[in-house]
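In: coords please:
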Amino acid sequence: SGMADDFTINNSLTVSSRAAMEGNYTIGGNGADFNSFGEAADALNNAGVCGPTVFNVTSAIYLEQVYLTQIPGASEVNTVTFQAASGNPADVTLTFDADFSNNYLFLLDGTDYLTLRNLTLEATNDSYSRAIHLRNGADYNRFEDLDISGPVTTSTSDGMALIYSDQNNNASQNDDYNEFRRITLTNGAYGVYWYGYSTNVNEREQGTVFDSLTITNPYYMGMLVERQQSPKINHNQITQTSTYSSQYGMYLQYCYGQLEELRNRLDIRSGTAVYLYESDATTSEKGLIANNLITVAGGSTAIGIDHWYSDWHDVAHNSVHLFGEPTNGYAYRHNYGSNDVVQNNIFANSGSGYAFYVTSSGYNLASDYNDLYAEGTNLAYWSGTNVSTLAQWQSTSGLDANSFQERPVFASDTGLSPINSSLD
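Out: Numbers count the residues shown, from 1 in each chain. Next up, the predicted model:
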């Protein structure tokens with residue numbers, strides 16, 4: 001302007017910047033690259049990565065929360081990993097007393113291609129104890145060999161879900177292709193609460209995997225999985241010890257396509273072990289519920305597998321045992337699903353109630369080569385009719401021509417290896 005500048009304090013601009021990261025970095029301890037998870041997260045959020053990046057965490061207890069956004073440069077090749085340097089989850093503990101506004105230990109807010117491995121996460125607040133929270137399109141993340149715990153509770157609030165993905169505002173915010181493997185989850189109201197955006201075919205979450213999770217003492221549900229396309233829920237173990245009558249081991253709703261629920265072990269104190277609702281497959285891509293071991297002990301109503309409005313599923317090679325005198329129980333209950341096939345299962349009810357219960361005929365149900373056993377008056381129920389023997393069941397339903405009515409004589413109430421040689 002041709003005028004002298006008498007105010008020179010603002011004549012320079014200082015910019016603090018960091019180059020995008022790649023390679024191995026350390027967190028915690030003397031000489032570390034970062035003092036805390038939070039420092040590393042800030043660097044990732046701001047500078048991003050330009051190659052595969054690993055944060056090796058020194059053995060210690062870290063009292064903090066970790067907030068991650070979409071990491072610039074992260075991709076299928078340029079992944080980001082946080083892991084215990086020792087390889088032992090017990091050596092690195094992340095813990096915090098959260099609140100309503102910031103209910104997480106790790107929050108992945110649109111974060112992609114992240115791996116958490118060999119860490120212990122302890123959520124301590126008695127009302128807000130989410131350990132891992134995904135939202136806003138957090139995709140392609142991996143969670144492996146983690147030890148996660150929350151408080152013992154009598155709450156049914158999803159604010160106490162140890163792993164949490166909330167219902168999003170639109171399909172683009174679905175959290176897709178996330179995998180959880182070899183994780184222990186202890187206490188809380190839910191072990192897992194995983195919720196997609198919509199039931200519409202192009203708006204469901206995809207690529208969800210829960211494999212080899214050990215879930216102990218969730219008060220309400222071991223796993224809630226909803227609005228998914230072809231989720232894989234395999235090799236998990238759920239043990240519930242509360243006597244809450246409305247508890248569920250697995251609550252699977254609107255899980256369409258090739259749902260897999262294979263080789264899981266569920267030991268439930270009361271309530272329903274597996275609840276499947278409106279989860280249709282197709283004749284070419286069938287759902288499969290197979291090789292699961294299920295026990296339910298007592299409660300006013302005990303249900304092993306509760307199958308509602310879900311078409312084109314194979315239910316095979318499952319062992320279900322109800323015991324402890326439930327006053328009303330169903331080892332397997334089928335409600336209105338079409339074209340389902342039930343075969344090579346053991347459905348045993350040592351309490352009061354049914355081995356097999358079919359609410360209504362006319363849905364092209366196929367069933368055979370099962371062992372059906374009930375100690376109560378009624379073996380089964382077919383569309384308004386109670387039956388007490390296998391012969392009556394075969395005559396009334398037209399099913400199970402090659403099935404048995406044999407007491408399986410399990411090794412124990414929860415040890416579901418049948419001793420009865422006729423079932424070999």
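In: report the contact partners of residue 136.
Out: Applying C-beta atoms under 8 Å, 6 or more residues apart in numbering to residue 136 gives the contacts 109, 110, 168, 173. For the C-beta atoms, the positions are set from N, CA and C on the backbone; glycine is no exception.
In: and the second one, how many neighbours?
Out: For residue 110, the number of neighbouring residues by other C-beta atoms under 10 Å comes to 16.
In: so how far is residue 75 from it?
Out: 14 Å (C-beta to C-beta, to the nearest Å).
In: now the helices for the stretch 151-300 of the chain?
Out: In chain order, the stretch 151-300 of the chain shows no helices, with DSSP state H, counting those that start in this stretch as the criterion.
In: mind telling me the two of the contacts of residue 136 farthest from one another?
Out: 109 and 168 (11.7 Å; C-beta to C-beta).
In: average pLDDT across the helix or strand residue 24 falls within?
Out: Here residue 24 is covered by strand 21-27, with elements defined by DSSP states H and E. Per-residue pLDDT over strand 21-27 has a mean of 98.
In: contacts made by that strand with the rest, please.
Out: Contacts for strand 21-27 (C-beta under 8 Å, 6+ apart): 32-37, 39-40, 43-44, 47-58, 78, 82, 85.
In: which ChimeraX command selects the buried ones in the residues you listed?
Out: With 16 or more other C-beta atoms under 10 Å as the criterion, this ChimeraX line picks the buried residues out of the contacts of strand 21-27:
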select :32,34,36,37,40,43,44,47,48,49,52,53,54,55,56,57,58,78,82,85
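In: list the ones among the contacts of strand 21-27 that fall in strands.
Out: Judged by DSSP state E, those include 49, 50, 51, 52, 53, 54, 55, 56, 57, 82 as members of strands.
In: out of the contacts of residue 136, the closest to residue 116 would be?
Out: residue 109 (15.0 Å).
In: how many residues are close by that closest one?
Out: Residues near residue 109, counting by other C-beta under 10 Å: 16.
In: need the per-residue pLDDT for it.
Out: On the pLDDT scale, residue 109 gets 97.
In: go on, residue 10?
Out: 52.
In: so which of the contacts of residue 136 is the closest to residue 185?
Out: residue 109 (21.9 Å).
In: for residue 199, see how far away the closest one is.
Out: Between residue 109 and residue 199 the distance is 25 Å, computed by C-beta to C-beta.
In: just residue 163 next, same as before
Out: 22 Å.
In: give me the more crowded residue out of the two.
Out: Using other C-beta under 10 Å as the criterion, residue 163 and residue 199 rank with residue 163 on top: 27 against 14.
In: that one reaches residue 185, doesn't it?
Out: Yes. Look at residue 163 against residue 185 with C-beta atoms under 8 Å: they come within range, at 7.0 Å.
In: quickly list what's touching both of these two.
Out: Going by C-beta under 8 Å, 6+ apart, residues that sit against residue 163 and also against residue 185 are 148, 191, 192.
In: so the second one versus residue 245, what's the distance?
Out: Put plainly, it is residue 191. For residue 191 relative to residue 245 (C-beta to C-beta), the value is 19 Å.
In: which one's more surrounded, the two?
Out: residue 191 (32 against 14).
In: so what pLDDT did that one get?
Out: At residue 191, the pLDDT recorded in the model is 98.
In: show the contacting residues for it.
Out: Taking C-beta under 8 Å, 6+ apart as the contact definition, residue 191 lies against 161, 162, 163, 185, 213, 215, 218, 221, 222, 223, 238.
In: one more time with 10 Å, if that's ok
Out: 148, 150, 161-163, 183-185, 210, 213-218, 220-224, 236, 238, 240, 249-250 (C-beta atoms under 10 Å, 6 or more residues apart in numbering).
In: so which of those residues sit within strands?
Out: 148, 161-163, 183-185, 210, 213-216, 221-224, 238, 240, 249-250.
In: and the closest residue to residue 38 other than its chain neighbours, what pLDDT?
Out: Of all residues not flanking residue 38 in the chain, residue 64 sits nearest, at 5.2 Å (C-beta to C-beta, 6 or more residues apart in numbering). If you check residue 64, the pLDDT there is 98.
In: residue 64 and residue 253, how far apart?
Out: Residue 64 is 35 Å from residue 253, where distance means C-beta to C-beta.
In: could you do residue 206 as well?
Out: 16 Å.
In: so who does residue 277 touch?
Out: 226, 251-255, 306-310, 335, 337.
In: could you pull up phi and psi at the residue nearest to residue 38?
Out: Main-chain dihedrals, residue 64, degrees, to the nearest 10: phi -170, psi 170.
In: can you get me a residue count around it?
Out: When counting by other C-beta under 10 Å, one arrives at 14 neighbours for residue 64.
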